[in-house]
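Chemist: predicted model and sequence follow; I will ask about them next.
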Amino acid sequence: MTYEETQKIKHLREITSVMVEESSSGIECTKNRFGNRTMDSCKNITFEKVELSKIDNDISYIRREYHGRNLWVML
């Protein structure tokens, strides 16, 4: 994973309400403001699916665009 991708993930974790990360190694709930970080606690939440590669590297854009959202990020 590149430095830019790591920074995007870091900022997304700070600003989202719930975040799930999907990679070739599996699916993991990495942030849940409403409960614990298990996939079971995320089952009734509606997510917006986005590909990490399609998110701009501009941190201010990321903070403005994704603040408070429930994201399912495909790495």
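Modeler: On my side now, so go ahead. Because the structure is predicted, anything quoted here is derived from the model rather than measured.
Chemist: count of residues packed around the closest residue to residue 19 other than its chain neighbours?
Modeler: With sequence-adjacent residues excluded and distances taken as Cβ to Cβ, 6 or more residues apart in numbering, residue 19 is closest to residue 31, at 4.1 Å. From N, CA and C alone the C-beta is placed, and that goes for glycine too. As a burial measure, residue 31 scores 18 neighbours (other Cβ atoms under 10 Å).
Chemist: for the helix or strand harbouring residue 31, name the packing helices and strands.
Modeler: Taking DSSP states H and E as the criterion, residue 31 maps to strand 26-32. Other elements packing on strand 26-32 under the criterion 3 or more Cβ pairs under 8 Å, 6 or more residues apart in numbering; DSSP states H and E are strand 18-23.
Chemist: what strands flank the strand it packs on, and is each parallel or antiparallel?
Modeler: Here strand 18-23 is paired, per DSSP bridges, with strand 26-32 (antiparallel), strand 70-74 (parallel).
Chemist: okay, buried residues for that strand please.
Modeler: Within strand 18-23, the residues scored as buried using 16 or more other Cβ atoms under 10 Å are 18-21.
Chemist: also stretch 54-69?
Modeler: 55, 62, 66.
Chemist: against residue 57, how distant is the residue nearest to residue 47 when sequence neighbours are not counted?
Modeler: Nearest non-adjacent residue to residue 47, counting by Cβ to Cβ, 6+ apart: residue 72, 3.9 Å away. Residue 72 sits 20 Å away from residue 57 when distances are taken as Cβ to Cβ, to the nearest Å.
Chemist: secondary structure class for residue 57?
Modeler: coil (DSSP: H, G, I helix; E, B strand; the rest coil).
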